[in-house]
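J.: any chance you could fold what I've pasted below:
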Amino acid sequence: MESAAAALRYWERKQEIVANNLANVSTDGFKGERVFANVLNGASPVAQASTDLSAGSFRQTGVSTDVALQGPGFFVVSTPNGERYSRGGSLEVNAKHQLVDETGNPVLGEKGPITLGVGDIQIDSTGQVSQNGKSIDRLRVENAPTGTALSHESGMLLIPAGTSVAIPPNQRNVNQGTVEQSNVNSLGSLVDMVSVQRAYSAVQKAIVELDSAHETDATQLAKPF
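T.: Numbering: from 1, shown residues only. Here you go, the predicted model:
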């Protein structure tokens, strides 16, 4: 019964993550999560998640504030909870003339939040932001140390590791007028959801049968002759 209960917890956790992946299938820059069972010292399996950092497909938009990173790295944004990594490149200019992501978090450059004026915006392959031909700032593009796991906070945001590695400008490939789409495969996630529901249902049925057997032991076999 304890093993069955642990299995239910595992499938519940997996369903939560698959549902979140499906909910963000259209979120630009979103990185899906994968669930695996961790078994230690013969104990019941525990659901653990890892973030799939593979690239999504790229979509041309022609919008000057849209940017996409080809290759490793993340943009850095400032949130109420601190700095966060993001691959979401659907940027815009807010009322304070700051460059922000789609949820309003300021995008950080080497000098801090990037403040713009009025006029055409140019962003080159190194992340250099210019307006009307005048250099404004360079986007911060960083990566986590090799082997470091990144976890989701919300939407496309990832919590950075304790240390970050800045990607040199000559090793970046920033594309203006392009956005990276979610790397979640909607069809694959739907198949996962069906599989999870079937597995959960099978474990539930096993628990019902076990409970029925225990009831028989307690109420029938224990009766005096």
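
J.: quick one, domains of this structure?
T.: Structurally, the chain divides into domains by automatic domain parsing as follows: 1-55+182-212, 58-180.

J.: with mean neighbour count and mean pLDDT added, can I get those domains in CSV?
T.: C-beta coordinates here come from the backbone N, C-alpha and C atoms, glycine included. Formatted as CSV, these follow (neighbours: other Cβ atoms under 10 Å; pLDDT from 0 to 100):
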stretch, mean neighbour count, mean pLDDT
domain 1-55+182-212, 15, 82
domain 58-180, 17, 93
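
J.: touching, Trp11 and Ala202? I think so.
T.: No. In this structure Trp11 lies outside contact range of Ala202 using Cβ atoms under 8 Å: 9.3 Å.

J.: shared neighbours of the two, anything?
T.: With contacts defined as Cβ atoms under 8 Å, 6 or more residues apart in numbering, no residue is shared by Trp11 and Ala202.

J.: so which residues of this protein form helices?
T.: Using DSSP state H, the helices assigned to the chain run over residues 2-23, 186-216.

J.: quick check: closest non-adjacent residue to the residue nearest the centre of the chain.
T.: For the chain, the residue nearest the mean C-alpha position is Lys31 (3.8 Å; Cα atoms, centre = their mean). Setting aside the residues directly before and after it, Lys31 is nearest to Thr51 in space (Cβ to Cβ, 6 or more residues apart in numbering), at 5.2 Å.

J.: who's in contact with stretch 81-95?
T.: 27-31, 56, 65-69, 74-78, 99-102, 104-105, 107-108, 116, 142, 144, 150, 153, 155-160, 178-180.

J.: tell me who's in contact with Trp11.
T.: So Trp11 contacts Val196, Ala199, Tyr200, Val203 (Cβ under 8 Å, 6+ apart).

J.: between those residues, which is closest to Gln60?
T.: Val196 (35.3 Å; Cβ to Cβ).

J.: now do the closest one against Arg13, distance only.
T.: 10 Å (Cβ to Cβ, to the nearest Å).

J.: same check, this time on Val203
T.: Distance, Val203 to Arg13, using Cβ to Cβ: 13 Å.

J.: nearest residue to Gly127 in space, please, no chain neighbours.
T.: Per Cβ to Cβ, 6+ apart, closest to Gly127 is Leu139, 3.5 Å.

J.: now do the contacts for the one you found.
T.: Val67, Phe75, Val107, Leu108, Gly109, Ile114, Ile123, Gly127, Gln128, Val129, Val174.
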